[in-house]
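Q: Coordinates for the following, if possible.
(one chain, ligands or ions: 2)
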Amino acid sequence: MPVPKRVLALSLSALVGVLALLFTLASVPASAATSLTVAQAISSQTGASASVTGYIVGEPTATSTVRFSDFTGDTALAIADSKTTTSTGSMLYVQITSSYRASFGLLSNPSLIGKQLTVTGTLTAYFSHAGLKSPTAMTLGTSSTTSPTATSTATATPTASSTTDAYYAAASGKSGAALKAALHTIISTGVTKISYDAVWDALKVTDQDPSNSSNVILLYSGISRSKTLNGGDSGDWNREHVWAKSHGDFGTATGPGTDLHHLRPEDVAVNALRDNKDFDTGGSAATGAPGNYTDSDSWEPRNAVKGDVARMIFYMAVRYEGDDGWPNLEVNDSVSNGTNPYLGRLSVLKQWNTQDPPDAFEKNRNQVIYATYQHNRNPFIDHPEWVSSIF
Ligand SMILES: [Ca+2]
Ligand SMILES: [Ca+2]
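A: Ligands and ions are numbered 1, 2, ... in the order given. Model prediction:
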């Protein structure tokens, strides 16, 4: 029996459509210039590598939950074919691995909402939702476009938001001792001081693991450990004073000893091993803290937090100037400061500030301390270039 003409035409049309789709999918890995739409990416969760172009619409936090404002982290993006999409079913969830977080995370860069993004990575579920993981490239705009506005933000300098510009207005145009004096006034005004007991709960927020909200990240060891393991026993984490409290003997009374800007969670044994040593390079591998080194008079933190440590120390030196009943804390080039209100080694700390610039985790904790707890900021996280002007 002959096939009716109309049915044959429909079959051919369907076949052409399938072939076109297969061709599109098959050609993706070979041609970086070919980007899938978000809809295409959602329907081809094959584990293959592909480039996808869409608009950044929010921050996914669960399978069917996307935040459109008040972002909480830098680890995930939701993209869609339309800027105004609110249905999670029309979104692709994009994992942001650590090297892209400072430039593409929404907590650090909320103004990215509505921007066009092209991302290359593996088409596979993320948050149990259609997703793209392990990105190998992320750029704003389409990858093949020549539009001058479609440049990557990966090399853009971190934006000083209008909020922090206003915060530092009184320091504008200053350098050296005048800058230090202006910053001292700014970061010592309107400050809320918290008790040593309140530090426990604050650290559970400021140092929360971006990948596991039940844990905190320990400063030197880099370990992610349960928030509930705070205490003084072996295997617990406790409150590390990065500016060792014996250097100025300020203890744990409400003041420098409870200032969140230099307090970090750390394993009890590692904290004891660091003791009150000054910071410097060298020594032998520190037990329990891979990448850290120590000898009789100094501690060298792992590379990822060298700058964090330096900026905490510089903050303390500017925050505490001896005008509030506490010692005037200062940075010097010694590693044998004992109980003097000094901490070293200045030349090494300056180098660490340069080699390990502020990342999303460090910026986030600065913002949380400012917004939620103390209402002051660490100027050297917002402006690491001020270190060389003052010290
Ligand atoms: Ca760092
Ligand atoms: Ca000082």
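Q: switch to C-alpha atoms for all contacts and neighbour counts from now on
A: OK.
Q: pLDDT of the helix or strand hosting T122, averaged?
A: In the assignment (DSSP states H and E), T122 maps to strand 116-123. The average pLDDT within strand 116-123 is 93.
Q: Now do it: distance to the chain's middle.
A: Distance of strand 116-123 from its chain centroid, counting by Cα atoms, centre = their mean, to the nearest Å, is 21 Å.
Q: List the neighbouring strands of whatever helix or strand comes next after it plus their orientation.
A: The first helix or strand that comes after strand 116-123 along the chain, using DSSP H and E, is strand 131-140. Sheet pairing of strand 131-140 (DSSP bridges) gives strand 91-95 (parallel), strand 116-123 (antiparallel).
Q: Give me whichever of those is most buried.
A: Between the strands paired with strand 131-140, strand 91-95 has the highest mean count of neighbours, a mean of 29, where neighbours are mean count of other Cα atoms under 10 Å.
Q: Tell me the residues of this structure that contact ligand 1?
A: A304, V305 (Cα under 5 Å from the ion).
Q: Relative to the whole chain's centre, how far out is the longest strand seen in the chain?
A: Ranked by residue count and defined by DSSP state E, the top strand of the chain is strand 49-62. Chain-centre distance of strand 49-62: 19 Å, with Cα atoms, centre = their mean.
Q: buried set for it?
A: Buried residues in strand 49-62, counting neighbours by 16 or more other Cα atoms under 10 Å, are found at 49-61.
Q: what does the chain put close to ligand 2?
A: Going by Cα under 5 Å from the ion, the residues of the chain near ligand 2 are A317, V318, Y320, E321, N328, L329, E330.
Q: From I390, how far out is the first one?
A: Remark: distance between A317 and I390 (Cα to Cα, to the nearest Å) = 10 Å.
Q: relative to strand 49-62, how tilted is the strand holding T122?
A: Orientation of strand 116-123 against strand 49-62 (axes from the mean of the first three to the mean of the last three Cα atoms, to 10 degrees) gives an angle of 100 degrees.
Q: what distance separates the start and the end of stretch 213-222?
A: OK, stretch 213-222 end separation, Cα to Cα: 15 Å.
Q: returning to what we had before: pull the residues that contact the strand holding T122.
A: With Cα atoms under 8 Å, 6 or more residues apart in numbering as the test, strand 116-123 has contacts from 35, 41, 44-56, 79, 130-143.
Q: related to what we said a few turns ago, Throw the strands paired with strand 131-140 into TSV and include distance to R365, thanks.
A: Formatted as TSV, these follow (distance: least, Cα to Cα, whole Å):
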stretch	distance to R365
strand 91-95	21
strand 116-123	27
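Q: out of those strands, nearest to P210?
A: Among the strands paired with strand 131-140, the nearest to P210 by Cα to Cα is strand 91-95 (12.4 Å).
Q: now the next helix or strand after the closest one: how far from the chain's centre is it?
A: Next helix or strand after strand 91-95 toward the C-terminus (DSSP H and E): helix 98-104. Taking Cα atoms, centre = their mean, the mean C-alpha location of helix 98-104 is offset from the chain mean by 8 Å.
Q: For helix 98-104, give the mean pLDDT please.
A: Averaging pLDDT residue by residue across helix 98-104 gives 89.
Q: How about that helix, which residues are buried there?
A: Buried-residue list, helix 98-104, by 16+ other Cα under 10 Å: Y100, R101, A102, S103, F104.
Q: The closest residue to ligand 2 within the stretch 101-250 of the chain and Q355: what is the separation?
A: Distance from ligand 2 to each residue of the stretch 101-250 of the chain (Cα to the ion) is smallest for H184, at 8.6 Å. In this view, H184 and Q355 are 25 Å apart by Cα to Cα.
Q: Helices along the stretch 251-391 of the chain, start to end?
A: In the stretch 251-391 of the chain, the helices defined using DSSP state H, counting those that start in this stretch lie at 268-274, 303-319, 346-355, 360-368, 379-382, 386-390.
Q: tell me the angle the fourth one makes with helix 303-319.
A: Orientation note: helix 360-368 sits at an angle of 30 degrees relative to helix 303-319 (the same axes, to 10 degrees).
Q: Run through the neighbouring helices and strands of helix 360-368.
A: helix 196-206, helix 379-382 (3 or more Cα pairs under 8 Å, 6 or more residues apart in numbering; DSSP states H and E).
Q: between the first one and helix 360-368, what angle do the directions make?
A: Interaxial angle, helix 196-206 versus helix 360-368 (the same axes, to 10 degrees): 130 degrees.
Q: Following element in sequence after helix 196-206, please.
A: strand 208-209.
Q: State the mean pLDDT of that next one.
A: Per-residue pLDDT values over strand 208-209 give a mean of 98.
Q: worst-scoring helix or strand of the chain, pLDDT-wise?
A: helix 5-27 (a mean of 48; mean pLDDT, DSSP states H and E).
Q: Tell me the strands beside the helix or strand that that helix is followed by, with direction?
A: Downstream of helix 5-27, the next assigned helix or strand under DSSP H and E is strand 35-36. Under the criterion DSSP bridges, strand 35-36 sits next to strand 49-62 (parallel) in its sheet.
Q: continuing past the partner strand, what's the next helix or strand?
A: Counting by DSSP H and E, the next helix or strand C-terminal to strand 49-62 is strand 65-67.
Q: ok, and what's touching that following strand?
A: Under the criterion Cα under 8 Å, 6+ apart, residues G58, E59, P60, T61, A78, T88 lie in contact with strand 65-67.
Q: for the protein, which spans come out with low pLDDT?
A: The chain contains residues with pLDDT under 70 at 1-33, 142-163.
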